[in-house]
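below is the sequence, then the predicted model.
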Amino acid sequence: MTLPTDKVFAFKGSSDPPLLRPSRVASKVLTASRVARRFIARGLPMGQTYQNPKVRLHRFRDHFRVWDLTNAGKRGKKVGDLYIFPKFRSSDERDSWLEEQSFQLLKLTRSGNPYKAIKEYVDGLAKKVDGLEVKETLARGVDVEPYGQVYDFKATQEDGKSEIWVTSSPTDFRVTSHTWMTRPNDPTKGFYHDTSYYPNKKTDAASFYAWINEGSNAGKAMKFKSMDDFRALWKQLGVNYDSN
């Protein structure tokens, strides 16, 4: 599954939802119960995501999307994927409805079976509210990112211009070398060249994630100065990868 990000979920052009960045190397997804209480008090802003071990809720510009995380990441299982579209004539009416309902949906994320509770709630609303469309699809469990911390950060390379963009989750990673290339005939001019690295298998992603999630290793990776540092680490961890 392509992972989510703010402007990218590290993956440029991704259509998946952006997630919050509570701290520099901490999860981009709001997870703690105290955070849930704070969000319930102010609603879920547009472009942000809340998740707990059972459900993930994202607010897009014009709709909500909800995932049942019970079987997320599991092979041979199905995951409920719910779209909630208020197709109203007025964008002001739509925005007001989304703002109002974000409070209620966040409250329902704290129920025993939050996905079921949200689905029953919006199915009931759809019978009463003209223009409200509710659509559910079933995704393969292995295609849905499971609950967990997602790391997204960058490291500055030795030349001070180039960067390495890193995203790591329990089932995937993407490390992109964003390198400044000078023109041979004019060193004052140049261009950026991107090379992306990704795991051969999910077990490779899991090994890298386990390392980066341990202690202060995320902070260490932020200080890496070149792709050689990452390649050396992957060799040490037995992580196999491809690039393009």
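Good, I have the coordinates.

give me the residues contacting the lengthiest helix in the chain.
Across the chain, the longest stretch assigned as helix under DSSP state H is helix 91-108. With contact meaning CB atoms under 8 Å, 6 or more residues apart in numbering, helix 91-108 is reached by 36, 39-40, 43-46, 50, 57, 59, 62-64, 66, 84, 86-88, 114, 117-118, 121. From N, CA and C alone the C-beta is placed, and that goes for glycine too.

convert the C-alpha atoms of it to PDB, please.
What follows is helix 91-108, C-alpha atoms only, in PDB (Å, rounded to 0.1, in the frame of the first residue of the first chain):
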ATOM      1  CA  SER A  91     -20.000  24.200  -0.400                       C
ATOM      2  CA  ASP A  92     -20.600  26.300   2.700                       C
ATOM      3  CA  GLU A  93     -23.400  23.900   3.700                       C
ATOM      4  CA  ARG A  94     -21.000  20.900   3.000                       C
ATOM      5  CA  ASP A  95     -18.100  22.500   5.000                       C
ATOM      6  CA  SER A  96     -20.400  23.300   7.900                       C
ATOM      7  CA  TRP A  97     -21.800  19.700   7.900                       C
ATOM      8  CA  LEU A  98     -18.300  18.200   7.800                       C
ATOM      9  CA  GLU A  99     -17.200  20.400  10.700                       C
ATOM     10  CA  GLU A 100     -20.200  19.500  12.800                       C
ATOM     11  CA  GLN A 101     -19.900  15.700  12.100                       C
ATOM     12  CA  SER A 102     -16.200  15.600  12.800                       C
ATOM     13  CA  PHE A 103     -17.000  15.900  16.500                       C
ATOM     14  CA  GLN A 104     -19.500  13.100  16.400                       C
ATOM     15  CA  LEU A 105     -17.300  10.700  14.400                       C
ATOM     16  CA  LEU A 106     -14.400  11.300  16.800                       C
ATOM     17  CA  LYS A 107     -16.700  10.400  19.700                       C
ATOM     18  CA  LEU A 108     -17.600   7.200  18.000                       C
END
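
gap between the following helix or strand past that helix and the chain center?
Using DSSP states H and E, the helix or strand that follows helix 91-108 towards the C-terminus is helix 114-126. Relative to its chain's centre, helix 114-126 lies at 24 Å (CA atoms, centre = their mean, to the nearest Å).
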